[in-house]
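**Q** Return atomic coordinates for the entry below.
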Amino acid sequence: MIGFNSARRARAAVSAGARDLEVPQVKEENICLPLSVNAVCRYWGVEIPMDEARKIATRYAGARGSILIEGICLAEAHGLSCSIHHSSMAALRRSIEAGAPPIVILPGLRDTVQHASVISGYDDTEGTILHYIPEPGGGGEFQLGAIPQSQFAEMWGEDGMLLISIAPPEIAASLDLGDAGRARSNRLCFEAERLSLQSRGEEAVEMLREAIGMDASNSTAHSLLGGMLNSAGSAECTEHYGRALEINPRCYLAHRGLGNHLLKAKDYAGAERSYTAAIGINAARFGPIHKNRGIARLELGDREGARADLEEYLRQVPSAPDRRDIRKAISEI
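**A** So this is what the prediction gives:
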């Protein structure tokens with residue numbers, strides 16, 4: 001029987017209106033064992049050999065970013081239970097109070113679309129959510145990042161408040177995080193992304209349709225399906241982007257994806273509206289969106305707006321491979 005370090009539940013720093021779980025400092029990561037998953041596994045006393053992750057990573061030559069589902073599968077192979085939920089601030093707090101640090105999906109910055117972050121606690125006195133930062137501070141002490149709770153809720157909401165729970169089975173069973181059927185629908189979304197990375201696009205699309213069949217209100221499934229259909233050149237993508245936005249009006253990726261589809265279709269006014277909606281939600285999440293809106297605005301005759309967008313693109317993506325061409329375009333506007 002695997003011996004999990006459940007005693008960590010009792011070693012959280014507790015005070016009135018505050019919790020702070022002792023997530024260990026971890027530096028090792030791999031595209032198939034993201035740091036967030038590795039840190040939570042270590043929290044429970046489970047050390048996953050990095051060689052296992054490296055072996056799996058050979059299947060994804062050239063892949064960018066982390067493949068979260070592979071890390072989840074590794075955690076499960078080592079005896080932990082994992083579930084994925086469209087969650088809430090109340091459920092997040094319940095998980096922390098139960099001594100189980102959740103992983104959440106938060107927006108990325110500039111050219112990174114999103115990232116997974118471990119939430120280690122909260123402080124109601126300061127009005128903050130505490131998230132895990134793996135690097136020590138200047139004096140070698142462990143550091144925590146603090147995000148105002150209202151700001152955190154807005155950021156987390158951009159991807160439908162996705163929460164990944166990784167815990168020993170007996171603890172996982174005690175957590176009240178959401179409906180099991182909906183959790184399965186969310187799991188299929190992550191598995192479909194893996195299929196897409198394996199160039200199994202048709203299977204990925206069918207899996208996302210299955211996820212929607214399980215939970216028609218799954219904004220993540222609709223947004224992902226919209227993205228895959230968009231890549232395949234299918235106008236059906238607009239139906240799923242639209243459904244994602246009905247469910248979650250702050251779904252940044254659906255606004256951006258719809259804008260990309262409309263730009264390709266030369267519906268420049270529609271593309272500009274979609275990009276503007278996405279930028280209004282989070283102007284710093286993905287730098288290239290400013291270039292795309294600049295192109296749409298230029299086609300609409302908005303030269304000042306186009307120039308401002310192209311300049312913002314270069315500011316947010318200073319190493320852009322098309323920097324010289326964009327500079328030339330700006331000078332000619």
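
**Q** contacting residues for the residue nearest to residue 115 when sequence neighbours are not counted?
**A** Leaving aside its sequence neighbours, residue 115 sits nearest to residue 108 (Cβ to Cβ, 6 or more residues apart in numbering; 5.1 Å). For the C-beta atoms, the positions are set from N, CA and C on the backbone; glycine is no exception. By Cβ atoms under 8 Å, 6 or more residues apart in numbering, the contact set of residue 108 is 114-115, 285-286.

**Q** how about 10 Å then?
**A** Contacts for residue 108 (Cβ atoms under 10 Å, 6 or more residues apart in numbering) come out as 65, 114-115, 282, 284-286.

**Q** try residue 204
**A** Taking Cβ under 10 Å, 6+ apart, one finds 188-189, 191-198, 224-225, 228 in contact with residue 204.

**Q** Out of the residues you listed, which comes closest to residue 318?
**A** Minimum distance to residue 318 across those is 27.8 Å, recorded for residue 197 (Cβ to Cβ).

**Q** Does the most centrally placed residue in the chain lie in a helix or a strand, and which?
**A** Centroid-nearest residue in the chain, with Cα atoms, centre = their mean: residue 105, separated by 3.5 Å. Per DSSP states H and E: residue 105 is located in strand 103-107.

**Q** Going along the chain from that strand, find the next helix or strand for me.
**A** strand 114-123.

**Q** How about the contacts made by residue 235?
**A** Going by Cβ under 10 Å, 6+ apart, residue 235 touches 229, 261, 265.

**Q** which residues touch the first one?
**A** In other words, residue 229. Applying Cβ under 10 Å, 6+ apart to residue 229 gives the contacts 201, 205, 208, 235-241, 257, 261.

**Q** Of those residues, which qualify as buried by neighbour count?
**A** For the contacts of residue 229, burial is judged from neighbour counts taken by 16 or more other Cβ atoms under 10 Å, and it is met by 205, 208, 237-238, 240-241, 257, 261.

**Q** give me the number of residues near residue 169?
**A** Neighbours of residue 169 under the rule other Cβ atoms under 10 Å: 12.

**Q** Dig out what residue 122 forms beta bridges with.
**A** residue 19, residue 129 (DSSP bridges).

**Q** Can you get me a residue count around residue 198?
**A** Neighbour tally, residue 198, other Cβ under 10 Å: 14.

**Q** all helices of the stretch 201-333 of the chain, in order?
**A** Using DSSP state H, counting those that start in this stretch, the helices of the stretch 201-333 of the chain run over 201-214, 219-231, 237-247, 252-264, 268-281, 288-299, 303-316, 323-332.

**Q** Include mean pLDDT and distance to residue 145 when you put those into TSV, please.
**A** TSV is the format used below for those (pLDDT from 0 to 100; distance: least, Cβ to Cβ, whole Å):
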stretch	mean pLDDT	distance to residue 145
helix 201-214	98	32
helix 219-231	98	25
helix 237-247	99	29
helix 252-264	99	21
helix 268-281	99	21
helix 288-299	98	25
helix 303-316	97	21
helix 323-332	97	31
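
**Q** which one of those lies closest to residue 96?
**A** Residue 96 sits nearest to helix 219-231 of all the helices of the stretch 201-333 of the chain, at 22.8 Å, using Cβ to Cβ.

**Q** Tell me what angle the closest one forms with helix 252-264.
**A** Here the directions of helix 219-231 and helix 252-264 differ by 20 degrees (axes from the mean of the first three to the mean of the last three Cα atoms, to 10 degrees).

**Q** Name the residues of helix 219-231 that come out as buried.
**A** 219-230.

**Q** Equivalent analysis for stretch 256-272, please.
**A** 256-263, 268, 270-272.

**Q** For those residues, which two are the farthest from each other?
**A** With distances taken as Cβ to Cβ, the most widely separated pair in these is 257 and 268, at 16.4 Å.

**Q** now the helices: where do they sit in the stretch 1-150 of the chain?
**A** Counting by DSSP H, counting those that start in this stretch, the helices of the stretch 1-150 of the chain are 35-43, 50-57, 68-77, 89-97, 149-157.

**Q** what about residue 323, how many neighbours?
**A** By the measure other Cβ under 10 Å, the count of residues near residue 323 is 13.

**Q** quick one: it and residue 83, what's the gap?
**A** 43 Å (Cβ to Cβ, to the nearest Å).

**Q** Same list (the buried ones among the contacts of residue 229) but as CSV, adding distance to residue 318.
**A** Below are the buried ones among the contacts of residue 229 laid out as CSV (distance: Cβ to Cβ, whole Å):
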residue, distance to residue 318
205, 36
208, 35
237, 31
238, 34
240, 34
241, 30
257, 25
261, 28
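
**Q** now for those, which pair is the farthest apart?
**A** Top of the distance list for these (Cβ to Cβ): 208 and 261, 16.6 Å.
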